[in-house]
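Next comes the sequence, and after it the predicted model I'd like to discuss.
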Amino acid sequence: MRHQPEEIGLTLDRNGWASIDELIALSNARGSRLSRTLLETIVAECEKQRFAISEDGTKIRANQGHSVAIELELAPQTPPEQLYHGTATRFLDSIRENGLHAASRQHVHLSLELATAEKVGGRHGKPAILTVESGRMARDGHLFYLSENGVWLTDTVPAHYLR
Ligand code: HQG
């Protein structure tokens with residue numbers, strides 16, 4: 001739902017939604033055993049609540065984290081005064097120089113909780129936590145979005161907002 005949907009021939013609409021019937025058929029044609037019930041269980045039980053089903057029950061999309069270009073159509077929100085970004089120590093020199101960039105994803109991901117940032121950073125190596133002066137950024141005109149599953153998103157974080 002976020003990376004290479006074309007690998008199974010799935011098409012996402014401009015807002016990232018795919019037909020559930022089509023997803024199930026295309027997955028099963030390639031050897032998965034996906035059913036509507038299993039899909040609903042995955043959506044309900046996913047620890048990070050990565051997925052959402054449309055109100056009419058026919059479509060599914062990921063709440064954030066896409067590498068494909070889609071428009072989540074989230075309204076900009078005022079962020080808390082500070083947020084955290086978890087990264088790996090080996091990236092720090094480059095981040096100090098260049099700020100935070102989204103790499104292959106559409107946004108830089110920030111969290112309200114220190115523990116979440118630590119987990120995210122630990123995926124890449126020895127974790128390092130950066131504090132982002134999100135309040136000051138917002139007052140300076142940077143836009144922030146809050147995904148359906150509670151991840152704060154922004155385009156880039158210039159280095160001078162990082163501690
Ligand atoms: C780093 C997972 C060098 C950045 C997680 C990060 C999260 C730079 C890496 C979500 C840099 C990109 C997102 C710069 C940024 N120089 N390195 N200038 N700017 N970086 O995976 O934030 O399981 O794309 O610090 O839990 O780690 O997918 O982003 O280390 O919520 O749902 O470049 O992905 O969620 O890595 O993780 P990623 P992320 P899911």
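Yep, it's here. Residues are numbered from 1 along each chain as shown.

number of nearby residues for A115?
A115 sits with 11 neighbouring residues when counted by other Cβ atoms under 10 Å. (Glycine included, C-beta is placed from N, CA and C.)

What values do phi and psi take at D140?
phi -80, psi 0 (degrees, to the nearest 10).

Next: W17.
phi -80, psi 140.

Tell me the predicted confidence for it.
On the pLDDT scale, W17 is placed at 98.

Please report how far the closest residue to it other than its chain neighbours lies from H101.
Nearest residue to W17, sequence neighbours excluded (Cβ to Cβ, 6 or more residues apart in numbering): K59, at 4.2 Å. Computed as Cβ to Cβ, to the nearest Å, the K59 to H101 distance reads 30 Å.

Compare those two and say which one has the larger neighbour count.
K59 (20 against 12).

Based on its surroundings, how many neighbours for the nearest residue to Q49 once chain neighbours are set aside?
Counting by Cβ to Cβ, 6+ apart, N149 is the residue found nearest to Q49 once chain neighbours are left out, at 3.9 Å. Number of residues near N149 (other Cβ under 10 Å) recorded here: 16.

May I ask you to confirm that N149 is in contact with E47?
No - using Cβ atoms under 8 Å, N149 is not in contact with E47; the gap is 9.9 Å.

And the residue nearest to W17, its phi and psi?
Dihedral angles (degrees, to the nearest 10) for K59: phi -130, psi 160.

who touches it in this structure?
W17, A18, S19, I20, I53 (Cβ atoms under 8 Å, 6 or more residues apart in numbering).

Contacts only, for the residue nearest to Q49.
K48, Q49, R50, N63, Q64.

and what of A29?
I8.

G150 versus the residue most central in space within the chain, what's the distance?
In the chain, the residue lying closest to the centroid (Cα atoms, centre = their mean) is G65, at 2.6 Å. Separation of G65 from G150 (Cβ to Cβ): 13 Å.

R2 too?
17 Å.
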